[in-house]
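**Student:** Can you look at this prediction? I've put the sequence above it.
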Amino acid sequence: MSELIRTFAALSDHTRFAVVERLMAEGELSAGALVETANMSAPAMSRHLKVLREAGLVQQRVLGTSRLYSVRPEGLKAVADWTKDHRAFWEAGLDRLEAMLALDEKDHSNG
């Protein structure tokens, strides 16, 4: 469970979430490319990337003097698995909401 908490904690930061989203959309990118569009210093981006690596969400590959980053699908799988495991809870809540809205609609149409 502590691994999942570290994953959610890493993704709770807007910048780190955006980095993961970008890597998912565009594929492997250099740290320099991530810095250019994030409007922050290289050391600040490096700290964010370290948190993502330690959480198992991204992997780093060295190519010459470049550091290339990509998403680790197995890191995001933990989030997907957690969501699937809790699906019944969400569906039950949505079913209750739907029933309440239908009842409210019925009350307003009779009143």
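**Tutor:** That came through fine. Numbers count the residues shown, from 1 in each chain.
**Student:** for this structure, longest helix please?
**Tutor:** The longest helix of the chain (DSSP state H) is helix 87-110.
**Student:** chain center to that helix: distance?
**Tutor:** When distances are taken as Cα atoms, centre = their mean, to the nearest Å, helix 87-110 is centred 29 Å away from the chain's centroid.
**Student:** try stretch 28-43
**Tutor:** On Cα atoms, centre = their mean, the centre of stretch 28-43 falls 18 Å from that of its chain.
**Student:** Offset the numbering so it begins at 20, please.
**Tutor:** Got it, the first residue is 20 from now on, which makes the last one we talked about stretch 47-62.
**Student:** Tabulate the CA atom coordinates of that stretch in CSV.
**Tutor:** Only the C-alpha atoms of stretch 47-62 are listed here, as CSV (Å, rounded to 0.1, in the frame of the first residue of the first chain):
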residue,chain,number,x,y,z
GLU,A,47,10.0,9.6,-24.5
LEU,A,48,11.4,13.2,-24.0
SER,A,49,14.6,14.7,-22.8
ALA,A,50,14.8,16.5,-19.6
GLY,A,51,15.7,19.6,-21.6
ALA,A,52,12.5,19.4,-23.6
LEU,A,53,10.5,19.1,-20.3
VAL,A,54,12.2,22.1,-18.8
GLU,A,55,11.6,24.3,-21.9
THR,A,56,7.8,23.9,-21.7
ALA,A,57,7.5,23.8,-17.9
ASN,A,58,8.7,27.3,-17.3
MET,A,59,11.0,26.3,-14.5
SER,A,60,14.7,25.8,-13.8
ALA,A,61,16.5,22.6,-14.7
PRO,A,62,17.3,21.8,-11.1
